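*Asks:* Got a predicted model here, sequence first, then my questions.
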Amino acid sequence: MIVLGIESSCDDTGVALVNDKKEILGEALQSQEEQKQYGGVVPEIAARAHLEHIDELVSLCFKRAKLSLSDVDAIAASSGPGLIGGVVVGVMTAKSLALALNKPFVALNHLEGHALCARLSNEVEFPYLLLLVSGGHCQILVVKNVGEYERLGTTIDDAAGEAFDKVAKMLGLGYPGGPMIEKLASMGNEKRFSLPRPLLGSNDCNLSFSGLKTAVRKLIESYSPDGDIKNADLPKEDVNDICACFQATATDCLVRKLERAIKYFKQKYPNGHHLVVSGGVAANGYLREKLKNLGEKYNLEFAAPPIKFCTDNGVMVAWAGLERYRLGLTNSLDFKPRPRWPLDENAPKAAGAGGVKA
């Protein structure tokens, strides 16, 4: 069984072929370097770039796999949530191929691609506890099965990855900011500055990073003679320390809320044995180490996708599409791409409006 996956929900155009033996037969990825000059993703530019590259990436993927279109059993595409212009490009490409080849089409929730990706490279069985953390999303979920999710907590404002990018922009580190913050943080003192940990006193698993981001901004502004962040003059050592303190604080917020979720998970799902992290921020080595330690503390096996598959890619779409296809979960060609698509919208919520209660 071979599935073609197409990813175009943000600024990475990804195509991959994966089979049911967990083999990546071929892949191609085009990241939009042109977005760096804007310090973030411009939706219109992203959509045009997807349209410009997607056909050549499909051809390249098949060439690398030494396969033909007729070898594919199904075609999956990230169909939301995401920047709708880019999502439409991927979905229409997938639909066109499905129609021409008379193959099933799988409209994949982009978040499910992240949620299931660790099962491709690790022996992870349902149910498992998942921290899905990226530039646009930050959620704690129980993955009960393919298509079955229970959300225990979410961010009420910025996602963790968004906060990383915004702090990096304040410090003039460029886009994307996560990798640069991690690099500089490794040379800094994470105990030098005291930063707030929003919502840690709340009796739920929800997260907030807006206050932390604002505190970092005020700290940077303190280095400016007129209070304007643009005129802040920070010594290199101080930049490293700010990065280290921000990274440590954001990670601590994630770990401590996840610890609350683990207690609920172990009580309600005693047959669950894995703690999984996925999404772009899951590439952060500091976070992965802290989560591995947390898993060991509660006798849960830690698992994560390989770092190169944490950010958006076609492999996760192909694999999740395969997981859905072999269960008969396909879609008609009149499926409409969705800019918003909660992963757990058809699943029961945990107790309480704000997620699981202690």
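*Replies:* Alright, I've got the coordinates.
*Asks:* helix or strand right after the helix ranked longest in the chain?
*Replies:* Taking DSSP state H as the criterion, the chain has its longest helix at helix 236-268. Next in sequence after helix 236-268, counting helices and strands by DSSP states H and E, comes strand 274-278.
*Asks:* need the next SSE after that next one, C-terminal direction.
*Replies:* Counting by DSSP H and E, what follows strand 274-278 is helix 285-297.
*Asks:* relative to helix 236-268, how tilted is that following helix?
*Replies:* 30 degrees (axes from the mean of the first three to the mean of the last three C-alpha atoms, to 10 degrees).
*Asks:* In this protein, mark out all the helices, start to finish.
*Replies:* 43-65, 84-101, 110-121, 160-170, 178-185, 210-221, 236-268, 285-297, 314-325.
*Asks:* buried ones in the second one?
*Replies:* Just to be clear, that refers to helix 84-101. Buried residues in helix 84-101, defined by neighbour count with 16 or more other C-beta atoms under 10 Å: 84-95, 97-98. (C-beta placed from N, C-alpha, C; glycine too.)
*Asks:* thinking again about what came up before, let me know which of the helices of the chain is tucked in deepest.
*Replies:* Mean neighbours per residue, mean count of other C-beta atoms under 10 Å, is largest over those for helix 314-325, with a mean of 29.
*Asks:* Please name every helix or strand in contact with that helix.
*Replies:* Here helix 314-325 touches strand 2-7, strand 12-19, strand 24-31, strand 74-78, strand 105-108, helix 110-121, going by 3 or more C-beta pairs under 8 Å, 6 or more residues apart in numbering; DSSP states H and E.
*Asks:* Parallel or antiparallel, list what pairs with the second one.
*Replies:* Which is strand 12-19. strand 2-7 (antiparallel), strand 24-31 (antiparallel) (DSSP bridges).
*Asks:* which residues sit against the longest one?
*Replies:* Yep, that's strand 24-31 we're talking about. 2, 11-19, 49, 53, 57-58, 60-67, 120, 313-315 (C-beta atoms under 8 Å, 6 or more residues apart in numbering).
*Asks:* Pull the contacting residues for residue 325.
*Replies:* Residue 325 touches 1, 3, 73-74, 76, 104, 106, counting by C-beta under 8 Å, 6+ apart.
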